[in-house]
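J.: Make a model of this:
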Amino acid sequence: MNRLLFPIAMLAGMAAALPAHAAASAPVAADAACSTTIEGRPGKKFSLDHIDVPASCERFTVHLVHTGKKPREQAGHNWVLVAGAQLEGVIRDGLRAGAGADYLPPRDSRIIAATPMLGGGERASVSFPVARLQAGVPYAFFCSFPSHAMHMRGTLSLRPQP
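T.: Modelled structure (predicted):
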């Protein structure tokens with residue numbers, strides 16, 4: 001039994017060392033209004049082009065489903081959230097970071113949330129604190145796989161409380 005505790009403790013320590021945007025597979029939000037599912041589809045498309053995040057949510061969770069069949073090395077999809085003004089810079093710096101970093105600059109504070117890069121048929125979730133969003137600020141989400149970001153992008157906004 002002690003043999004199992006050591007590897008689990010090691011895994012927990014490694015997960016804690018990941019950058020904030022790499023934290024995927026977050027628990028599913030209890031309130032359906034505080035989560036959404038988006039598909040990364042063949043043809044470089046997301047199933048949604050806009051997401052409204054209710055200000056009443058403490059955390060918001062995005063569930064990404066890659067509906068294609070190709071492996072991540074050929075046509076991976078991820079979901080990355082940044083302030084709209086940071087979009088092009090994060091894409092440019094991500095291309096320099098390369099495939100080993102999922103085409104995202106490591107430990108980049110401009111990235112609010114990101115799933116890992118997925119291959120066909122895979123799923124991942126990422127959760128982020130809604131407090132990181134500001135009313136009136138335009139946010140953008142995109143897929144960082146090379147040549148996908150031009151087509152696979154959308155907007156996200158904070159919906160004020162009624």
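
J.: secondary structure class for Glu73?
T.: Judged by DSSP: H, G, I helix; E, B strand; the rest coil, the three-state class of Glu73 is helix.

J.: what about it, how many residues close to it?
T.: Residues near Glu73, counting by other CB atoms under 10 Å, number 10. The way it works is simple: take the backbone N, C-alpha and C, and place the C-beta from them, glycine included.

J.: Please name the residues that touch it.
T.: Ala99, Gly119 (CB atoms under 8 Å, 6 or more residues apart in numbering).

J.: Give me the pLDDT value at it.
T.: On the pLDDT scale, Glu73 is placed at 92.

J.: Against Gly89, how distant is it?
T.: Distance, Glu73 to Gly89, by CB to CB, to the nearest Å: 25 Å.

J.: now Gly98
T.: Taking CB to CB, one finds Gly98 at 17 Å from Gly89.

J.: Neighbours of the closest residue to His66 other than its chain neighbours, how many?
T.: The shortest distance from His66 to any residue other than its chain neighbours is 4.2 Å, reached at Leu118 (CB to CB, 6 or more residues apart in numbering). Residues lying near Leu118 (other CB under 10 Å) number 24.

J.: Could you list everything Leu118 pairs with in the sheet?
T.: His77 (DSSP bridges).

J.: isn't it right up against Gly76?
T.: Yes. Between Leu118 and Gly76 there is a contact under CB atoms under 8 Å: 6.1 Å.

J.: which residues are in contact with both of the two?
T.: Listed as contacting both Leu118 and Gly76 by CB under 8 Å, 6+ apart are His66.

J.: Tell me where the protein is predicted with low confidence.
T.: Residue ranges of the chain with pLDDT under 70: 1-30.

J.: quick one: the strands in it?
T.: For the chain, applying DSSP state E gives strands covering 35-41, 45-46, 50-54, 59-66, 80-83, 111-114, 123-129, 139-142, 153-159.
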